[in-house]
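A.B. asks: Mind folding the following:
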Amino acid sequence: MSLRIVFMGTPDFAVPTLAEIVGQGHEVVAVYTRAPARRGRGLAEQPSPVHAMADRFGFPVFTPATLRDAEAAETFRSLSADVAVVVAYGMILPQDILDAPELGAINLHASLLPRWRGAAPIQRAIMAGDTETGVAVMKMEAGLDTGPVGMLECVAIGADETSGELHDRLSRLGADLLARALAALSRGALAFTPQAAEGVTYASKITNEEAQVDFSWPAQQVHNHVRGLSPFPGAFVLTDLGKGEERVKILRTARVDGNGEPGTLLDDQLTVACGEGAVRLLQLQRAGKAAVTAADFLNGVRLEKGVRLWKPAE
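C.D. replies: Numbering: from 1, shown residues only. So this is what the prediction gives:
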């Protein structure tokens, strides 16, 4: 049985789910997304990825600045949706919005709840060195990702997998899981189980300050930090490449044998000593330039064995 759905989402992660809902024959009565943002050269306003997809399908699109006033609630109720589907929307849903659809609101979340509730579950899972994660379909309630879980699917995290690569995998997996959840919901067969009280962790937004690499960490922690923040926002190091200190993003590394003073280059292949072990820098990006391989980076910068690429803050 097809459902009348209000879809609420914003970034690329949510696009496959919207496409899957359409493919399953459900009726999307409206799409809610964040308002167009100024991006790119010239800072022209650009619609969100979900907004662009909704326009392709010809769905009505709403971009309210808030959902917390009476007008927003009345507009939402007037859509007479069976269910709201929420995927990385980026706004808090007040209780009157959650209660408006007959079947409530369900959310696709990129973690094994209750681990990594919050804004950055994919990045936090990799940064913490988790070896598995997944996607969960949850019935929304007022708390932050606290609702009961209807379906969950687990996947292994590759030892060198970046957050960008895992994001794309989970986006596709989540679209399939959400479609199956809606099919079960339409039959009255989707049962929700309260989240466990143990094992709760929170995936707060990544701050600019914490993106900086600290080579006094063990090599595995440095490696996890880099891949967890790649490609966005990008782990970085402040270093002097001959023209004063500049910010260089490190987008990909490999763990290798080696030891020395943390932050010191151990060879001419960008192997850097860590507090324990070493990492080889494989992909880097200077400010205002494209990401390049280590070999291409060294074509433009002369760095010799023994150079301190990083120094601890004084």
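
A.B. asks: where exactly do the helices run in the protein?
C.D. replies: Taking DSSP state H to define them, one finds helices in the chain at 15-23, 49-57, 70-78, 95-99, 121-127, 163-186, 219-228, 294-300.

A.B. asks: Out of those, which is closest to residue 279?
C.D. replies: Ranking these by proximity to residue 279 (Cβ to Cβ) places helix 219-228 first, at 5.1 Å. In short, each C-beta sits where N, CA and C put it, glycine included.

A.B. asks: Quick check: buried residues in the closest one?
C.D. replies: Using 16 or more other Cβ atoms under 10 Å as the test for burial, helix 219-228 gives 219, 221-228.

A.B. asks: Out of the residues you listed, the closest to residue 52 would be?
C.D. replies: Using Cβ to Cβ, the shortest approach to residue 52 within these belongs to residue 228, at 27.7 Å.

A.B. asks: State the distance from the closest one to residue 56.
C.D. replies: The span separating residue 228 from residue 56 equals 32 Å under the rule Cβ to Cβ, to the nearest Å.

A.B. asks: And residue 116, by the same measure?
C.D. replies: The separation that residue 116 has from residue 56, given Cβ to Cβ, amounts to 32 Å.

A.B. asks: Ok, residue 238 next?
C.D. replies: Relative to residue 56, and taking Cβ to Cβ, residue 238 is found at 43 Å.

A.B. asks: Those two: which is more packed in?
C.D. replies: residue 238 (14 against 10; other Cβ atoms under 10 Å).

A.B. asks: which residues touch that one?
C.D. replies: Residues in contact with residue 238, defined by Cβ atoms under 8 Å, 6 or more residues apart in numbering, are 212, 245-248, 310.

A.B. asks: Any idea what it is bridged to?
C.D. replies: Taking DSSP bridges, one finds residue 247 as the beta-bridge partners of residue 238.

A.B. asks: Around residue 142, count how many other residues there are.
C.D. replies: A count of nearby residues for residue 142, using other Cβ under 10 Å, gives 11.

A.B. asks: Thanks again, I'm all set now.
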